[in-house]
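Enquirer: Any chance you can model this:
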Amino acid sequence: MKKKIIILLAGIVVIILIAMLFIKKSKNPDVQLITYIAQEGEFELTVTASGNIQPVIKVDVGTQVSGIVKRIYADFNSQVKKGDLLAELDKSTLSERARQSRSSLNKAKSDSLFAKQNYDRIKALFDKNAATPASLEDATNRFSSAVNTVTNAKADLQQSIINLSYADIYSPISGRVLSRAVDEGQTVAASFNTPTLFTIANDLTKMQVEAKVDEADIGRIKIGQYADFIVDTYPGEKFGGTVSQIRLEPAVVQNVVTYTVIISAPNPDEKLFPGMTANISIITQSPKGICVPAEALYFTPDPANIGNYIVENENIKGNKVWIKTEKGFKAVPVTAGATDGITSIILSGVKSGDELVVGIEKTVTKKSSASILPTPPPGERHTAL
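Expert: Got it, this is the predicted structure:
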């Protein structure tokens, strides 16, 4: 009887051991390593911004006199040269003012001549003691006043002639007419502000992008850096340019400070129009070296999820990566360089061709699996069993 009890207890122990082994096996699923082959390369660090495309030189053409637009000789998109007549104001009122000024000048000259003759006569009588000092003083003042009147009349006539010339609106530069703000028969008033009649761009084959760069990034922008940008109307097509100016005046909108960066961009086909919105990437650095995924520097294996792999040098402090070995993986200290948040440059500690462990994936069933870390960025990766 005692022997049967011993056999029964032994059988129970065996069953318990088998059950524990089964449970342990079910809680320790198969493990796979996500690896990346380190390789020489380079990537670009960029500053992104948005802005508008504008001509390099854009001139607003106005008028300095008021009047009615009589004729218009240039329209939207017209190609004009410097000195071309763009528009003409009605000259009847200005011509009349010039005629009146000329008449006033002639009268002033006549009055001045009479005053001069009267002065000469009084002066001769005064020299013979036949005229009083008061009469001589009066004749002198009348003559001086007449001379001043002639001077003022000449200035008025000159201004009237200038105003008459302002009735013809000429192009100050060669280029393309972007806008026309008036029509024939329209009255323009130049009493307080100069009204804009035309806007002319100098050369549309050379454009500039006025990028609004955040204050946190402006310190990384330098003259001569290359930039590429896209516009909505040409999806998938990139345009290029170089930074030509960094303006110091800040723009503050809702407590957000930005600075204007001018990017000179060729436009030989004139595909870029003034005012288009551009999304810009300014390349600030192009570091070269051993490229690895950024998460390789942050990966730390969880002892509970490494299966039968052997981990070496796990106590290394500071920046490190994990290199795959025959039986597992080991930590290697590294010196990290530039990063864009996706790819990092390793300056020392890793050579091209090293296989780095960047994540662990454990297979729960044949049809499903769970990843310990997010999938690394695109590159030459391997999954090791």
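
Enquirer: mind checking the SS state of residue 184?
Expert: coil (DSSP: H, G, I helix; E, B strand; the rest coil).

Enquirer: need the longest strand for the protein.
Expert: strand 239-253 (DSSP state E).

Enquirer: After the helix or strand hosting residue 156, which helix or strand is next?
Expert: Per DSSP states H and E: residue 156 is located in helix 133-165. Next along the chain after helix 133-165, taking DSSP H and E as the criterion, comes strand 168-170.

Enquirer: strands paired with that following strand, and their directions?
Expert: Strand 168-170 sits in its sheet next to strand 85-89 (antiparallel), going by DSSP bridges.

Enquirer: Buried ones in the strand it pairs with, by neighbour count?
Expert: 86-89 (16 or more other C-beta atoms under 10 Å). Heads up, the C-betas are built off the backbone N, CA and C, glycines and all.

Enquirer: do the same with stretch 355-364
Expert: 355-362.

Enquirer: leaving aside the residues next to it on the chain, what's closest to the spatially most central residue of the chain?
Expert: With distances taken as C-alpha atoms, centre = their mean, residue 211 lies nearest the centre of the chain, 0.6 Å away. Excluding its sequence neighbours, the residue lying closest to residue 211 (C-beta to C-beta, 6 or more residues apart in numbering) is residue 51, at 3.8 Å.

Enquirer: what residues are up against the closest residue to residue 215 other than its chain neighbours?
Expert: Distance criterion C-beta to C-beta, 6+ apart; nearest residue to residue 215, sequence neighbours excluded, is residue 257 at 4.3 Å. Contact analysis of residue 257 by C-beta atoms under 8 Å, 6 or more residues apart in numbering lists 214-215, 250-251.

Enquirer: Would you list the phi and psi of residue 44?
Expert: With angles defined as degrees, to the nearest 10, residue 44 sits at phi -110, psi 130.

Enquirer: isn't it right up against residue 283?
Expert: Yes. With contact defined as C-beta atoms under 8 Å, residue 44 counts as touching residue 283 (5.0 Å).

Enquirer: Can you spell out which residues form a bridge with the residue nearest to residue 211?
Expert: Beta bridges link residue 51 to residue 211, residue 278, judged by DSSP bridges.

Enquirer: quick one: it from residue 238, how far?
Expert: 15 Å (C-beta to C-beta, to the nearest Å).

Enquirer: Looking at those two now, which is surrounded by more residues?
Expert: residue 51 (22 against 10; other C-beta atoms under 10 Å).

Enquirer: before we move on, back to that, out of the buried residues of stretch 355-364, list just those in strands.
Expert: Per DSSP E, the subset of these in strands is 355-362.
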